[in-house]
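Asks: Quick one: sequence and predicted model below, then my questions.
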Amino acid sequence: MAAVWQQVLAVDARYNAYRTPTFLQFRTQYIRRRSQLLRENAKCGFEPGLRRQYLRLRSQLLALRYGPLSEQSSFRASSVRSSRTTLDRMEDFEEDPRAQGARGHRRSVSRGSYQLQAQMNRAVYDERPPGSLVPTSVAEASRAMAGDTTLSENYAFAGMHHIFDQHVDSAVPRLQFANDDKHLLACCSLDGSLSIMTLSPPPPRVKVTLKGHGAPVTDFAWSLSNDIIVSTSLDGTLRIWNTEDGRCIREVRDPESSELLCCTFQPMNNNLTVVGNSKHHLQVVNISTGKKVKGGSSKLTGRVLSLSFDAPGRILWAGDDRGSIFSFLFDMATGKLTKAKRLVVSEGSSICSISARSWISREARDPSLLVNACVNKLLLYRVVDNEGTLQLKRNFPIQHGSQLVHSIFCPLMSFRQGACIVTGSEDGCVYFFDVERNTKAIVNKLQGHGGPVLDVSFNCDESLLASADSTGMVIIWRREQK
């Protein structure tokens, strides 16, 4: 009954803003502890009926205590992570049509609401400069949660915490911390394997190595519950791994026998994974059956190199090696993809990284997209409508002309004044940029890699940053403790 405990947590999160208005830090501590207790209790195997009854009663009691939620609060809660997904409870859209309507009704977000939310966010804080993307200066609650530090202070690093070199001499194109985890990290390598590393308890070590691909591994993704990793490879297979013992649970071959270049989970239903290949095709795959989802395919103008969903899982952006970004509308009930918009960033350039950030809150304005496009600039776009149309907000100079360099939004950026983004670079450095600064936007610069930095990843509380390069080195950086 993992789904029910996640629904209970979602209800608590929706009302969390009303708790202890004079003790702001308690809210964060409360929801973290609540999540921990609910996860532990979910393992006890109580009757499903009792859990659902508890969910109804808690919702009613919270409504009586704090009053009905506003529409804006309800929308924010819709992006709360969905239920824990494991292979033994995955459902097939194609084989069980009765489940389609239920899932679609429960988790879908209307097209109008996405656009309406952005308009509401823009209207509430008109005192911000035109086009501002970050929390307002009056966001005292958020600044208190972040310790009221400047971006330069917050992203000062004490140096290297640890170096992993198990993939030495083979590039590490992707790495990522596990969801909501401080110490679990994974990376993939062109040597055909993946590694899962644990940073605590010390010393940091490789927990398990995932072996089975017959060619370089190009991308991977954690499931929301961190019990599964999916990976793509130039050998034309998508593999599903058990993260505890490193077992390959399933292998799914590309029907076109083409190289698989990228993958991502559907955020509201981890039963579905989107895969991009070298023959310009996108495909939605049901990983419990290994089958393609009917209507879940489309074609781009080039090799599909990057993918990113918005938080509700309704819009998918895909980038190719011809310089184009496509937006697709994702049908939550059927898994069908509908092509919506196309933006040509730079003709002939590779769109090698796309990161989406919703920023839908009372203190922030527009959903945004961060893009690496091999044009010696890091690009920040605003999402201007419910079909994923992009408008360039600004760019940041980096050395990036040919390598598949990636960037990220800092996970806690919406909880402080100012907002920070982090990117790799072909000069071997990691750069931090403040999106609000018009001049001297570089907040920090980390040096230590012996080759182009291909990917970066923060853990959930930003205490650790991981970076990987073309020589196979993975560096863990520890933030200075104030």
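Replies: Received, thanks. Quick caveat: nothing in here was measured; it's all calculated off a predicted structure.
Asks: Going by C-alpha atoms from here, please, whenever you check contacts or count neighbours.
Replies: Fine.
Asks: so the most far-flung residue of the chain relative to its centre, which of the three states?
Replies: Most distant residue from the mean C-alpha position of the chain: residue 64, 34.4 Å away (Cα atoms, centre = their mean). Applying DSSP: H, G, I helix; E, B strand; the rest coil to residue 64 yields a three-state assignment of helix.
Asks: how far away is it from residue 50?
Replies: 21 Å (Cα to Cα, to the nearest Å).
Asks: Tell me the pLDDT of residue 481.
Replies: Residue 481 carries a pLDDT value of 71.
Asks: Can you report how many residues lie near it?
Replies: 10 (other Cα atoms under 10 Å).
Asks: any chance you could map the helices in the protein?
Replies: 2-15, 24-42, 48-66, 71-77, 97-107, 111-124, 140-145, 151-154 (DSSP state H).
Asks: And the ones you listed, which one averages the lowest pLDDT?
Replies: The bottom spot among the helices of the chain, by mean pLDDT, belongs to helix 71-77, with a mean of 34.
Asks: ok, and for stretch 459-475, which residues are buried?
Replies: 459-460, 462-475 (16 or more other Cα atoms under 10 Å).
Asks: so residue 286 bridges to which residues?
Replies: residue 272, residue 291 (DSSP bridges).
Asks: Now for it, how many residues are close by?
Replies: 22.
Asks: Over to the one 4 residues further on?
Replies: The burial count assigned to residue 290 is 16, neighbours taken as other Cα under 10 Å.
Asks: what pLDDT does it get?
Replies: 92.
Asks: What residues sit buried inside stretch 385-405?
Replies: 385-390, 393, 398-401, 403-405.
Asks: which ones among the residues you listed are found in strands?
Replies: 390, 393 (DSSP state E).
Asks: Next, count neighbours for the residue nearest to residue 409 when sequence neighbours are not counted.
Replies: Nearest non-adjacent residue to residue 409, counting by Cα to Cα, 6 or more residues apart in numbering: residue 421, 4.6 Å away. Counted by other Cα under 10 Å, the residues lying close to residue 421 total 20.
Asks: repeat for residue 438
Replies: 8.
Asks: what's the spacing between it and residue 378?
Replies: 15 Å.
Asks: just to revisit the earlier point, could you identify the most distant pair in the buried residues of stretch 385-405?
Replies: Pairwise distances across the buried residues of stretch 385-405 peak at 32.7 Å for 386 and 399 (criterion: Cα to Cα).
Asks: Read off the pLDDT value for the closest residue in space to residue 179 that isn't next to it in sequence.
Replies: Counting by Cα to Cα, 6+ apart, residue 179 lies nearest to residue 224, which is 6.1 Å off, once chain neighbours are set aside. Listed pLDDT for residue 224 reads 93.
Asks: what's the pLDDT at residue 413?
Replies: pLDDT, residue 413: 55.
Asks: my bad, should have said residue 277
Replies: On the pLDDT scale, residue 277 gets 97.
Asks: Give me the residues contacting stretch 393-404.
Replies: 131, 173, 350, 352-353, 373-382, 425-427, 433, 441, 452, 454 (Cα atoms under 8 Å, 6 or more residues apart in numbering).
Asks: Which among these count as buried?
Replies: 173, 350, 352-353, 373-382, 425-426, 433, 452, 454.
Asks: still on that earlier bit, give me the number of residues near the residue nearest to residue 179?
Replies: 23.
Asks: Test my guess that it contacts residue 230.
Replies: No: counting by Cα atoms under 8 Å, residue 224 stays clear of residue 230, with 11.7 Å between them.
Asks: Assess the claim that residue 262 and residue 220 are in contact.
Replies: Yes: counting by Cα under 8 Å, residue 262 does reach residue 220; the two are 7.3 Å apart.
Asks: In the stretch 251-400 of the chain, where is pLDDT below threshold?
Replies: Counting by pLDDT under 70, the stretch 251-400 of the chain shows low-confidence ranges at 359-365.
Asks: Run through the strands of it in chain order.
Replies: Ranges of strands in the stretch 251-400 of the chain, per DSSP state E, counting those that start in this stretch, are 260-266, 269-277, 281-286, 291-299, 304-309, 315-320, 324-330, 337-344, 353-357, 368-372, 377-383, 390-397.
Asks: May I see those strands arranged in CSV, with distance to residue 58 as well?
Replies: CSV is the format used below for the strands of the stretch 251-400 of the chain (distance: least, Cα to Cα, whole Å):
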stretch, distance to residue 58
strand 260-266, 29
strand 269-277, 25
strand 281-286, 34
strand 291-299, 37
strand 304-309, 31
strand 315-320, 32
strand 324-330, 32
strand 337-344, 36
strand 353-357, 30
strand 368-372, 34
strand 377-383, 36
strand 390-397, 40
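Asks: For residue 4, which of those is the nearest?
Replies: strand 269-277 (14.7 Å).
Asks: Give me the buried positions along stretch 258-276.
Replies: In stretch 258-276, counting by 16+ other Cα under 10 Å, buried: 258-276.
Asks: Over to stretch 286-296?
Replies: For stretch 286-296, by 16+ other Cα under 10 Å, it's 286, 287, 288, 290, 292, 293, 296.
Asks: Among those, which pair sits farthest apart?
Replies: 288 and 296 (15.7 Å).
Asks: what about the closest residue to residue 279 other than its chain neighbours, distance to residue 186?
Replies: Nearest non-adjacent residue to residue 279, counting by Cα to Cα, 6+ apart: residue 303, 5.9 Å away. Distance of residue 303 to residue 186, computed by Cα to Cα: 25 Å.
Asks: likewise residue 443?
Replies: Following Cα to Cα, the distance that separates residue 443 from residue 186 is 27 Å.
Asks: When those two are compared, which one has more neighbours?
Replies: residue 186 (24 against 21).
Asks: For the closest residue to the more buried one other than its chain neighbours, give me its contacts.
Replies: Closest residue to residue 186 apart from its sequence neighbours, by Cα to Cα, 6+ apart: residue 196 at 4.3 Å. Residues near residue 196 by Cα under 8 Å, 6+ apart: 184, 185, 186, 187, 206, 207, 208, 209, 210, 243.
Asks: in the sheet, who's paired with residue 196?
Replies: residue 186, residue 208.
Asks: Distance of it relative to residue 242?
Replies: In terms of Cα to Cα, residue 196 sits 11 Å off from residue 242.
Asks: what's the answer for residue 204, then?
Replies: Counting by Cα to Cα, the gap from residue 204 to residue 242 is 21 Å.
Asks: And for residue 59?
Replies: 35 Å.
Asks: What of residue 42?
Replies: 20 Å.
Asks: swap in residue 267?
Replies: 19 Å.
Asks: ditto for residue 403
Replies: 30 Å.
Asks: Repeat that for residue 316.
Replies: For residue 316, the distance to residue 242 - Cα to Cα - is 26 Å.
Asks: Counting neighbours, go ahead and name the busier of the two.
Replies: Between residue 316 and residue 242, counting by other Cα under 10 Å, residue 316 is the more crowded of the two (25 against 18).
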